[in-house]
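1. Please work out how this folds:
(one chain, ligands or ions: 2)
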Amino acid sequence: MLIDLKKLWQKGKEEESFYFEYNPETELIDIPSAEIVLPIKVVGKVTLTGRHSAFIEGEISFKVKGECTRCLTETEKDFAIEFSEGVSDDGEDAYPLKNDTVDLSKIVDDKIIISMPVTLLCKEDCKGLCPDCGGNLNENGCKCK
Ligand SMILES: [Zn+2]
Ligand SMILES: [Zn+2]
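-> Numbers count the residues shown, from 1 in each chain. Ligands and ions are numbered 1, 2, ... in the order given. Below is the predicted model of the structure:
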């Protein structure tokens with residue numbers, strides 16, 4: 001996912017929209033028995049703020065599929081993470097540019113890693129499994145009580 005700021009300059013444009021489908025090289029979530037359904041979709045807009053700097057904003061969206069961390073039922077959940085970041089070739093608070101090109105993968109990887117929960121729940125108030133009989137407490141399956 002590379003965005004070349006030189007091309008924007010050459011076209012005389014100040015901003016441009018982008019859309020990427022992204023397959024990260026590394027595992028970005030740390031939820032047991034769950035994974036991101038690929039590809040991750042990244043949509044957004046890049047705005048030039050100088051000859052070698054820009055502002056990037058957008059939204060990362062994807063689905064996570066796997067077992068509910070509490071009750072182990074197969075489940076799916078949609079996630080959307082909004083982001084806005086500066087990029088420049090000399091900024092300390094900004095993501096770096098290489099030959100006026102931004103590697104959006106780095107930004108997206110970071111955003112997902114810091115935003116994601118460590119659990120996947122079939123519903124927010126999932127009651128989980130009974131520690132005694134293993135019955136699913138969301139259903140009427142537990143015989144202990
Ligand atoms: Zn559950
Ligand atoms: Zn029970």
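2. So in this structure, which helix runs the longest?
-> In the chain, taking DSSP state H as the definition, the longest helix is helix 104-115.
3. what residues are up against the residue most central in space within the chain?
-> In the chain, the residue lying closest to the centroid (C-alpha atoms, centre = their mean) is Ile112, at 3.6 Å. The neighbourhood of Ile112, defined by C-beta atoms under 8 Å, 6 or more residues apart in numbering, consists of Pro24, Leu28, Ile29, Ile40, Ile60, Ile81. Backbone N, C-alpha and C define where each C-beta goes, glycine included.
4. and if you look at Ser105?
-> Counting by C-beta under 8 Å, 6+ apart, Ser105 touches Met1, Tyr22, Pro24.
5. gap between it and Cys142?
-> 46 Å (C-beta to C-beta, to the nearest Å).
6. And Ile114, by the same measure?
-> 37 Å.
7. same check, this time on Leu5
-> 59 Å.
8. Counting neighbours, go ahead and name the busier of those two.
-> Leu5 (23 against 16; other C-beta atoms under 10 Å).
9. Who are the contact partners of the more buried one?
-> Val46, Leu48, His52, Ala54, Leu97, Asp100, Thr101, Val102.
10. Equivalent analysis for Pro24, please.
-> When contacts are taken as C-beta under 8 Å, 6+ apart, Pro24 is in contact with Ile36, Leu38, Ile40, Ser105, Val108, Asp109, Ile112.
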